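Peer 1: Attaching a predicted model along with its sequence, questions to come.
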Amino acid sequence: MPSLTVLSGGMGGATFLQGLLHGIRAGRIGGSAPPTVTVVANTADDIWVHGLKVCPDLDTVMYTLGDGIDVERGWGRRQETWSTKEELAAYGVEPTWFGLGDRDIATHLVRTQMLEAGYPLSAVTEALCRRWLDPLWGDDVRLLPMSDDRVETHVAIADPESPSGLRVVHFQEYWVRLRAQVPAEKLVFVGLDESRPGPGVLEAIADADVVVLPPSNPVVSVGTILGVPGLRDALRATSAPVVGLSPIVGGTHVRGMAEQMLTSIGVEVSAAGVAGHYGARSAGGILDGWLVDETDASQVAGVEALGIACRAVPLMMTDHDVTAAMAAAALDLVS
């Protein structure tokens, strides 16, 4: 049976995966030989809140594919209530800017208890997925954390009152409390250089028929996955083609903060800029193919000049059918 491996962040990656799986089930991808899908999810957004281990990207993928996501928010549980958050705020317990819903807390309680009992994050994720993914997808979909090791993204922002002129905040504070509205002066990936790929991750890349980089943040989602030692080498070594879809459309991100993050590392905020950031596999990078949106068709020739096959197609994930067509186009590009 053919297999696809997808390196995913949270909302953008989860939405893409939903469309990909819709296309597989509809027979539009894979036809009579539908592929299995292994998702390697970013864990560098993880944070400890009120003594609980929260894994935003893992949970967003899990809830989305398990039909439990709040579709309007794009994260957290459907039909959520917030009594615990309100009670903690009434006690004056910080952080008040990061809200855990009552239903969502159950997931974090199970995860934290298992971690404290000695189970690695990969085993915990597998256990959680027995509830969310197995009933709908069986063995056809696997969700793997990029690493069992603790990795956290922190963002340095300007602070005139600090001796250094900078203050470092957790990525979640930058995103949730500050809403990414102040410039990111520098990114600090705590523990990333010392981390190891999670169980099954390198095998999922080596054994794949195609590896896909969805339109997730290229710096703090896909980028942190690629930063796990051994991951880039695995992508360069696999016999599978590696194809990506641009998260930048018309010179800006569709959702999230890719524009701020790319600017912080000095990468041009464009579809071609992100392709160049990943690089052609033939030149020591990781990409064989790259899709850009139709509005960025003028950039196709520049991407191809880098040694990356490129095509312009609609990349706005407006519904499952459109997203399935995007996924099919990505696979066709490198087939």
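Peer 2: All right, it came through fine. Numbers count the residues shown, from 1 in each chain.
Peer 1: got any ranges where the chain has weak pLDDT?
Peer 2: 1 (pLDDT under 70).
Peer 1: can you pull out the helices in it?
Peer 2: 11-25, 56-65, 83-90, 102-116, 121-132, 134-137, 171-172, 201-206, 222-227, 231-237, 258-264, 271-278, 300-305, 320-334 (DSSP state H).
Peer 1: Could you dump those helices into TSV with mean neighbour count added?
Peer 2: C-betas here are computed from N, CA, C, even on glycine. Putting those into TSV (neighbours: other Cβ atoms under 10 Å) gives the following:
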stretch	mean neighbour count
helix 11-25	23
helix 56-65	25
helix 83-90	13
helix 102-116	17
helix 121-132	18
helix 134-137	14
helix 171-172	23
helix 201-206	20
helix 222-227	24
helix 231-237	17
helix 258-264	21
helix 271-278	23
helix 300-305	17
helix 320-334	20
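Peer 1: Those helices: which one's closest to Lys186?
Peer 2: Minimum separation from Lys186 across the helices of the chain (Cβ to Cβ) falls at helix 258-264, 6.8 Å.
Peer 1: Contacts for the closest one next, please.
Peer 2: Residues from elsewhere that reach helix 258-264, judged by Cβ atoms under 8 Å, 6 or more residues apart in numbering: 155, 180, 183-187, 217-220, 223, 247-248, 252-253, 268-269, 273-274, 277.
Peer 1: How about stretch 26-39?
Peer 2: Outside of stretch 26-39, the residues within contact range by Cβ under 8 Å, 6+ apart are 1-6, 8, 13, 17, 20-21, 23-25, 61, 139-144, 200, 204, 208-209, 324-325, 327-328, 331.
Peer 1: Output it as CSV, restricted to C-alpha atoms.
Peer 2: Extracted C-alpha coordinates of stretch 26-39, given in CSV (Å, rounded to 0.1, in the frame of the first residue of the first chain):
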residue,chain,number,x,y,z
ALA,A,26,-13.5,10.1,-2.5
GLY,A,27,-11.0,8.1,-4.7
ARG,A,28,-9.6,11.3,-6.2
ILE,A,29,-6.2,10.6,-4.6
GLY,A,30,-4.7,7.1,-5.0
GLY,A,31,-7.7,5.7,-6.8
SER,A,32,-7.9,1.9,-6.2
ALA,A,33,-4.7,2.0,-4.1
PRO,A,34,-5.5,4.6,-1.4
PRO,A,35,-2.4,5.6,0.5
THR,A,36,-1.9,5.5,4.2
VAL,A,37,-0.9,8.9,5.8
THR,A,38,1.6,9.5,8.5
VAL,A,39,1.6,12.9,10.1
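Peer 1: That's all I had, so thanks and see you.
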